[in-house]
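Peer 1: Sequence and computational prediction follow.
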Amino acid sequence: MRQRLKRFETLLVRAESALLVALISGMATLAFVQVALRQFFDSGAVWGDTLLRHLVLWVGFLGAALAAADDKHFSWETAAHRGGAKMKFASQIAAVVITAFLACAAVSFFKDEYRAGHILLTIGTVGVPGWLFTLSIPVGFCLVLLHTLLRAIAALTEV
C-alpha cells in the first residue's frame, strides 16, 4: 500500500512538473508576443493580459502543490522537526484539516462562479465563461490537499 501511494505521488509530481514547465513556457511566449505586437504593430491580443493573469494562478497553485509534495508547504518547523514523530504527525494532521477547509471554500467559490455564468472575455464572437478561469483555485487547493494528505499518511507510518 505504501509503495503504491509513493508511486502515485511520484507520477503526480511528474505530471504537475511537466504542466508547470509548459505553462511557464507558454506564459513567456505569450508575454513576448504581446510586447512585440504592441511595440511593432500598435496592437495585441485583447485577451492576452487576462489569460496571463489567470495562468499565474495556475503556476502558483502548481508550485504550492509541488511544495506540499516535498513536505515544504504547511508545517510548523519546530513541531515537525524537533518534536519527534508524534509531533510531526500532529502537525501534518493540522495541515490536512486547514487545507481541507480551504479546498472546501474554494469548491464553494467555484460553484458560485459557475452558477453566476459570467462571461470573462470575448474572443471574436465567442464568449469565454469566467468559471473556466476560476477552475484553477479549487483544483489547486485540492492538489495541495492531496499532497498534504499523502505526507500525513507517510508520517503516520513513522509514529
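Peer 2: That came through fine.
Peer 1: Strands of the chain, residue ranges please.
Peer 2: Counting by DSSP state E, the chain has strands at residues 119-123, 126-129.
Peer 1: From residue 91, how far off is the closest residue to residue 158 other than its chain neighbours?
Peer 2: In this structure, residue 158 finds its nearest non-sequential neighbour in residue 85, 4.5 Å apart by CB to CB, 6 or more residues apart in numbering. Yep, even glycine has a C-beta here, placed from its N, CA and C like the rest. Look at residue 85 and residue 91: by CB to CB, to the nearest Å, they are 11 Å apart.
Peer 1: again with residue 153
Peer 2: For residue 153 relative to residue 91 (CB to CB), the value is 14 Å.
Peer 1: Give me the more crowded residue out of these two.
Peer 2: A direct count of neighbours by other CB atoms under 10 Å for residue 153 and residue 91 places residue 91 higher, at 21 against 17.
Peer 1: Any regions of the protein where pLDDT drops low?
Peer 2: By pLDDT under 70, the low-scoring segments of the chain are 74-81, 159.
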